[in-house]
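**Student:** what follows is a predicted protein model with its sequence.
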Amino acid sequence: MNIMEELQKFVGEGAKLEHPTDLTRGDFSFHARGKADELTAKFNQNKPDWLEKVEVVGSFVNFFLSPKFFADSIAGIIKKKERFGEGKKLVGQKTVVEYTDPNPFKEFHIGHLMSNTIGESVSRLIESQGAEVKRACYQGDVGLHVAKAIYGMRLEEANFPPETASLQEKAKFLGRAYAAGATVPEFGVEEYQKGLVGLNKTIYDRSSPVVNKLYDWGRKISLDYFEIIYEKLGTKFDFYFFESKTGEFGKQVVEEGLAKGVFEKSDGAVIFKGDEKEGLHTRVFINSEGLPTYEAKELGLAKIKFETYPYDRSVVVTGNEINAYFQVLLKVMSLLFPDLAQKTIHLSHGMLRLPTGKMSSRTGDIITAEALLANIREKLGERGSDEIAVAALKYSILRQSPGKDIIFDFDKSLSFEGDSGPYLQYTCVRAKSVLEKAAALEKSFFGSSEKIPRPLKNFSPALVEKLLYRFPEVVERAAADYAPNYLVTYLTDLASAFNSYYAQNKIIGSEEESYRLALTAAVAQTLENGLDLLGIKVPGKM
């Protein structure tokens, strides 16, 4: 039973139901606007068994849920298990979520961790509401950055790793090569730039066997290496799109748009003329060399995505440094593919920074994803593992709204005391350990989820019970707003409430043992389900 929907039937669609922050004001409340007494009388005449009482405080009507409701909600959680929290709002809809997007020939850095963490959680949240979700990764396997990397590979030829080297060692070599190739020489700057432009065209044309060999080797090493990181992060992509494929199609789309007057020519290039009144910049879509730019490739990608997977919604997760660019792209899409523009949602995020400051792959001063995770594991000491390190990182990213920059605080993020990923994992493991101890003592709190023991007559629900039943509505809201931070806040509050309950109440051997064990099982299930929606695994032991 969706209690929010049941209450909404009574108060009417226009009324806004909320959870009072003051628990003495009930479980739900709404502003009755002069009809409080009338509505209260209506409730009291036909009071359902899930409602304990209705009170009026000023112009507000407060609803108190019954002990039966709380016991039934716990039974429902245990019965649904891993499906608790699922909704039906998006059943029948198809969504593609594009995120992470690391470029081959460059290292997978902490900025990619932001996109991956947010994109994976958003994907899971949308899936939880019944939609079919396909995960997509779009990667720049052509462009000036590739030219710089291959130029650097030539400069670093003496340090080229042998075939027997590990995949990680080969990937690190590519990172060093890119840094070397991106470093502008003190002399011959003009020659350097011309050389890159020429090399870039050679890569596009595949006109040099030597360059082709370096390109094919580097591309494969990068893509294979990325898969190792995806596995650690719990991501498996359904589609991989590459600029080498979207470029030609994008160029064709731009040329067709040029004929329709959407674009115009300027100094040998094809541009979209921005409108300052709309806050749109002028952008180049085909450069003077006749090559499609990132903008044209992205335009081609939108169409290719839809042809590959006819979606109802396309969510694109990127850093907020390209917000202005994406506004132009959406404007162009609205002129060429209006239906796709309406289906596209751009979800931008801030930057992930460490206390030491910014990073740059161009200079080689880059913090890779693996280096950060290794650092976290080291600081965790004996408790260090990939599962806990990933939890610490993902929690830090997801705890606030996606648009903000994040400075990763090692002390807070690795704490087992509260407001951290490891804290949520530890609380879930603690709850499970209570259940395991009870099982070892041959204690059984239910034969089936239909027979959850009722609490004693003087039962007064604690905060933990008042939070548990809210989980599905929190998940639904987080999915609707593409905001995993709502779920993070909820899970942290639930973990805190359970730990307080655990400290103040004896569970095994108490007079209410059966009910409290059931409550513990419901907490463990809810925490595990919520953490899974964040892309965080629960370790067996901590």
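**Tutor:** Structure received. All values reported here derive from a predicted model rather than from experimental measurement.
**Student:** may I have the worst-scoring helix or strand of the chain on mean pLDDT exported as PDB, CA atoms only?
**Tutor:** Every helix and strand of the chain was ranked by mean pLDDT, DSSP states H and E. The lowest is helix 36-45, at a mean of 76. Listed next in PDB are the C-alpha coordinates belonging to helix 36-45 (Å, rounded to 0.1, in the frame of the first residue of the first chain):
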ATOM      1  CA  ALA A  36      -9.100  21.600   9.200                       C
ATOM      2  CA  ASP A  37     -12.000  20.800  11.500                       C
ATOM      3  CA  GLU A  38     -14.200  19.600   8.600                       C
ATOM      4  CA  LEU A  39     -11.500  17.300   7.200                       C
ATOM      5  CA  THR A  40     -10.600  16.000  10.700                       C
ATOM      6  CA  ALA A  41     -14.200  15.000  11.300                       C
ATOM      7  CA  LYS A  42     -14.300  13.300   8.000                       C
ATOM      8  CA  PHE A  43     -11.200  11.200   8.900                       C
ATOM      9  CA  ASN A  44     -12.400  10.300  12.300                       C
ATOM     10  CA  GLN A  45     -15.800   9.100  11.000                       C
END
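**Student:** next SSE after it?
**Tutor:** strand 51-57 (DSSP states H and E).
**Student:** next, the angle from that next one to helix 36-45.
**Tutor:** On the basis of axes from the mean of the first three to the mean of the last three CA atoms, to 10 degrees, strand 51-57 is oriented at 170 degrees to helix 36-45.
**Student:** check which helices and strands strand 51-57 sits against.
**Tutor:** The contact analysis (3 or more CB pairs under 8 Å, 6 or more residues apart in numbering; DSSP states H and E) places strand 51-57 against helix 36-45, strand 60-65, helix 67-80. Where you see a C-beta, it was placed from the backbone N, CA and C, and this is true even at glycine.
**Student:** adding distance to Val96, write those out as a markdown table.
**Tutor:** Listed next are these as a markdown table, based on distance: least, CB to CB, whole Å:
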| stretch | distance to Val96 |
| --- | --- |
| helix 36-45 | 44 |
| strand 60-65 | 39 |
| helix 67-80 | 28 |
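**Student:** among the ones you listed, which comes closest to Ser500?
**Tutor:** Counting by CB to CB, Ser500 lies closest to helix 67-80 out of those; the figure is 16.9 Å.
**Student:** after that closest one comes which helix or strand?
**Tutor:** Moving toward the C-terminus from helix 67-80, the next helix or strand (DSSP H and E) is strand 94-98.
**Student:** how about the least confident helix or strand of the chain: buried residues?
**Tutor:** For helix 36-45, burial by neighbour count (16 or more other CB atoms under 10 Å) applies to 36, 39-40, 43.
**Student:** before we move on, what about stretch 192-205?
**Tutor:** 192, 196-197, 199-200, 202-204.
**Student:** out of those, which sit inside strands?
**Tutor:** Among these, DSSP state E puts none in strands.
**Student:** which one of those residues sits closest to Glu264?
**Tutor:** The closest of those, once distances to Glu264 are taken by CB to CB, is Val197, at 23.2 Å.
**Student:** where are the low-confidence patches of the chain?
**Tutor:** 1, 356-365, 443-458 (pLDDT under 70).
**Student:** can you list the domains in it?
**Tutor:** 3-65, 99-367, 382-395+410-533 (automatic domain parsing).
**Student:** now render these as JSON lines, adding distance to Ala71.
**Tutor:** Output for the domains of the chain, formatted as JSON lines (distance: least, CB to CB, whole Å):
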{"stretch": "domain 3-65", "distance to Ala71": "10"}
{"stretch": "domain 99-367", "distance to Ala71": "25"}
{"stretch": "domain 382-395+410-533", "distance to Ala71": "5"}
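**Student:** wait, which of those is closest to Gly85?
**Tutor:** That would be domain 382-395+410-533 among these, by CB to CB, at 4.7 Å.
**Student:** quick check: Ala179 touching Gly152?
**Tutor:** Yes - with contact defined as CB atoms under 8 Å, Ala179 counts as touching Gly152 (6.9 Å).
**Student:** one step back: out of the domains of the chain, flag the one nearest Phe84.
**Tutor:** Nearest to Phe84, of the domains of the chain and by CB to CB, is domain 382-395+410-533 at 5.7 Å.
**Student:** circling back: any idea which of the domains of the chain gets closest to Pro402?
**Tutor:** domain 99-367 (4.3 Å).
**Student:** just the helices in the stretch 401-542 of the chain please.
**Tutor:** Listed in chain order, the helices of the stretch 401-542 of the chain (DSSP state H, counting those that start in this stretch) span 410-413, 421-440, 463-468, 471-480, 484-504, 513-533.
**Student:** out of those helices, which is the most enclosed?
**Tutor:** Compared across these, helix 513-533 shows the largest average neighbour count, a mean of 23 (mean count of other CB atoms under 10 Å).
**Student:** which strands or helices does that one pack on?
**Tutor:** Using 3+ CB pairs under 8 Å, 6+ apart, helix 513-533 sits against helix 67-80, helix 110-128, helix 421-440, helix 463-468, helix 471-480, helix 484-504.
**Student:** Arg313: which of those helices is closest?
**Tutor:** From the helices and strands packed on helix 513-533, taking CB to CB, the stretch that ends up closest is helix 110-128, at 8.1 Å.
**Student:** helix or strand next in line after the closest one, which one?
**Tutor:** With secondary structure assigned by DSSP H and E, helix 110-128 is succeeded by strand 132-139.
**Student:** what's the first helix or strand after that following strand?
**Tutor:** Counting by DSSP H and E, what follows strand 132-139 is helix 144-155.
**Student:** for that next one, which residues meet the burial criterion?
**Tutor:** Neighbour-count burial for helix 144-155 [16+ other CB under 10 Å]: 144-153.
**Student:** helices or strands up against that helix?
**Tutor:** Applying 3+ CB pairs under 8 Å, 6+ apart, we find helix 144-155 packed against helix 167-182, helix 189-205, helix 209-233.
**Student:** nearest to Gly26, of these?
**Tutor:** Among the helices and strands packed on helix 144-155, if distance is taken as CB to CB, the winner is helix 209-233, at 41.4 Å.
**Student:** run the angle between the closest one and helix 189-205 for me.
**Tutor:** Going by the same axes, to 10 degrees, helix 209-233 makes 80 degrees with helix 189-205.
**Student:** and the contacts of helix 209-233?
**Tutor:** Residues outside helix 209-233 that contact it (CB atoms under 8 Å, 6 or more residues apart in numbering) are 100, 102-106, 108, 113, 116-117, 120, 139, 141, 146, 149-150, 153-154, 167-168, 170-171, 174, 177, 199, 202-203, 206, 236-237, 369-370, 373, 386, 390, 535.
**Student:** hmm, which of these are the buried ones?
**Tutor:** Here, 16+ other CB under 10 Å leaves 100, 102-106, 108, 113, 116-117, 120, 139, 141, 146, 149-150, 153, 170-171, 174, 177, 199, 202-203, 237, 369-370, 373, 386, 390, 535 buried among the contacts of helix 209-233.
**Student:** could you check the helix or strand containing Glu295 and say which residues are buried?
**Tutor:** Assessed by DSSP H and E, Glu295 sits inside helix 294-308. Buried residues in helix 294-308, counted by 16+ other CB under 10 Å: 294-306.
**Student:** roughly how far out does that helix sit from the chain middle?
**Tutor:** Centre-to-centre, helix 294-308 and its host chain are 22 Å apart (CA atoms, centre = their mean, to the nearest Å).
**Student:** again, but for stretch 424-435
**Tutor:** The answer for stretch 424-435 is 24 Å, by CA atoms, centre = their mean.
**Student:** likewise for stretch 475-490?
**Tutor:** How far stretch 475-490 lies from its chain's middle: 10 Å, per CA atoms, centre = their mean.
**Student:** re the thing from before, quick one: closest of the helices and strands packed on strand 51-57 to Ile507.
**Tutor:** Of all the helices and strands packed on strand 51-57, helix 67-80 comes closest under CB to CB, at 13.9 Å.
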